[in-house]
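Peer 1: Structure here, sequence nowhere to be found:
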């Protein structure tokens, strides 16, 4: 069985749109573009469409992630990769995705939009939100097409051991696609699983330039998978999906100089995360701080409302989870620059 067998029949049979790519240096009279360009600072101007797929950026990302170019699909943030996967493998009203809440909310949002049902196997809150592998595998049915695993987890910051992921992968061979969302992997002590796509056809790894490479505003991510899976997803990805400015900025971010700068910033963030974790744990207003492998901390307060009110008066925003009984009095706090973290700490220390 190949990965295509798990995809919707309509996608397997789809003939994707093929835009007319002009020859290099050709007079472009093929794409109904304006011949007049405004001064954008870009080499080719914004009056011209970008390449349908950013080949040079794909090559750079493949080198960065340690995989082949055929294993990469460039997307508008990793969120678009989630949407593409669900639309490719889940038929509305029939198929399902399996989630391990707490998890990134867009998995559920895109599944709902597609009409896929959702099976939930909650993380073990009393074990620092670890994955219950036995319960997860027991919950899989013939209609389960995708399992989403977030590592490091958003919003709690925990990671899934590689051997646990491998166990799930092997159990799901020829049954379901296993997606590892590594949006925060740069802040983790764990290695990326991206290189394992050569050995496991049902493995997909989501990456993004939004976090560690500080390009949230550029909306650039990548989906890493087998060539056959990448080909399936490419059929439904919009032509010219990545804008010329976003591609140019992402390519620049992947130069040796910029990657070295990013590494320095990541190291500073991790150091601040650990300082903040210790000092928050000493605050009277704090009940618990979970260990984190991301660029945020998950914190339970004694009286969350009092903390949020005081922070708001100081112009500080944190992410609360009042709508979840599991996360009663909990909040996710992003790691800021040292002065911002100091201001946060001072405010929380003043809460009664």
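Peer 2: In hand now; what should we look at? Worth saying up front: this structure is predicted, and the values here are computed from it rather than measured. Residues are numbered from 1 along each chain as shown.
Peer 1: Pretty sure residue 333 sits against residue 341.
Peer 2: No: assessed by C-beta atoms under 8 Å, residue 333 is found out of contact with residue 341, at 9.0 Å. No exception for glycine: its C-beta is placed from N, CA and C like everyone else's.
Peer 1: Looking at these two, which is more packed in?
Peer 2: A side-by-side neighbour count of residue 333 and residue 341, using other C-beta atoms under 10 Å, places residue 333 first with 23 against 19.
Peer 1: got a list of what the more buried one touches?
Peer 2: Contact analysis of residue 333 by C-beta atoms under 8 Å, 6 or more residues apart in numbering lists 276, 280, 296-299, 318-319, 344.
Peer 1: Could you give the average pLDDT over the longest helix seen in the chain?
Peer 2: Longest helix in the chain by number of residues (criterion: DSSP state H): helix 256-281. Helix 256-281 comes out with an average pLDDT of 98.
Peer 1: Check which helices and strands it sits against.
Peer 2: Secondary-structure packing of helix 256-281 (3 or more C-beta pairs under 8 Å, 6 or more residues apart in numbering; DSSP states H and E): helix 244-253, strand 286-289, strand 296-301, helix 338-349.
Peer 1: counting contacts, what elements does the second one pack onto?
Peer 2: Same thing as strand 286-289. helix 256-281, strand 296-301.
Peer 1: between residue 333 and residue 341, what contacts are shared?
Peer 2: Common neighbours of residue 333 and residue 341 (C-beta under 8 Å, 6+ apart) are residue 276.
Peer 1: got a list of what residue 235 touches?
Peer 2: 11, 14-16.
Peer 1: ok, now how distant is it from residue 56?
Peer 2: Counting by C-beta to C-beta, to the nearest Å, the gap from residue 235 to residue 56 is 22 Å.
Peer 1: Likewise for residue 336?
Peer 2: Residue 336 sits 34 Å away from residue 56, going by C-beta to C-beta.
Peer 1: Same check on residue 328?
Peer 2: Separation of residue 328 from residue 56 (C-beta to C-beta) stands at 49 Å.
Peer 1: got it, and residue 124?
Peer 2: Distance, residue 124 to residue 56, using C-beta to C-beta: 44 Å.
Peer 1: What of residue 32?
Peer 2: Applying C-beta to C-beta to residue 32 and residue 56 gives a distance of 25 Å.
Peer 1: TSV for the helices and strands packed on helix 256-281, including mean pLDDT and distance to residue 70?
Peer 2: Formatted as TSV, the helices and strands packed on helix 256-281 follow (pLDDT from 0 to 100; distance: least, C-beta to C-beta, whole Å):
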stretch	mean pLDDT	distance to residue 70
helix 244-253	94	19
strand 286-289	96	43
strand 296-301	97	34
helix 338-349	97	42
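Peer 1: Buried deepest among those, which one?
Peer 2: strand 296-301 (a mean of 23; mean count of other C-beta atoms under 10 Å).
Peer 1: Return the distance of that strand from the chain's centre.
Peer 2: 20 Å (C-alpha atoms, centre = their mean, to the nearest Å).
Peer 1: what does it contact?
Peer 2: Here strand 296-301 makes contact (C-beta under 8 Å, 6+ apart) with 154-157, 273, 276-277, 280, 285-290, 292, 307, 328-335.
Peer 1: With stretch 60-73 instead?
Peer 2: With contacts defined as C-beta under 8 Å, 6+ apart, stretch 60-73 is touched by 58-59, 74, 81, 84, 192, 194-195, 197-198, 205, 207, 222-227, 230, 233-234, 237, 250-251, 254, 259.
Peer 1: What's the end-to-end length of that stretch?
Peer 2: 12 Å (C-alpha to C-alpha, to the nearest Å).
Peer 1: now do stretch 321-332
Peer 2: End-to-end distance (C-alpha to C-alpha), stretch 321-332: 8 Å.
Peer 1: Would you mark the buried spots in that stretch?
Peer 2: 321, 327, 329-332 (16 or more other C-beta atoms under 10 Å).
Peer 1: got it, and stretch 139-146?
Peer 2: By neighbour count on 16+ other C-beta under 10 Å, the buried set for stretch 139-146 is 139-140, 144-146.
Peer 1: try stretch 301-310
Peer 2: Going by neighbour count (16+ other C-beta under 10 Å), the buried part of stretch 301-310 is 301, 304, 307-308, 310.
Peer 1: any idea which of the contacts of residue 333 is closest to residue 90?
Peer 2: Nearest to residue 90 among the contacts of residue 333: residue 319, at 28.2 Å, using C-beta to C-beta.
Peer 1: Which residue is the nearest non-sequential neighbour of that closest one?
Peer 2: Distances taken as C-beta to C-beta, 6 or more residues apart in numbering put residue 332 closest to residue 319, at 4.3 Å, once the chain neighbours are dropped.
Peer 1: ok, the host helix or strand of that neighbour: who's next to it in the sheet?
Peer 2: Secondary structure from DSSP states H and E places residue 332 in strand 330-334. When pairing is defined by DSSP bridges, strand 330-334 lines up against strand 296-301 (antiparallel), strand 319-320 (antiparallel).
Peer 1: could those go into a markdown table alongside distance to residue 264?
Peer 2: Converted to a markdown table, the strands paired with strand 330-334 look like this (distance: least, C-beta to C-beta, whole Å):
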| stretch | distance to residue 264 |
| --- | --- |
| strand 296-301 | 19 |
| strand 319-320 | 26 |
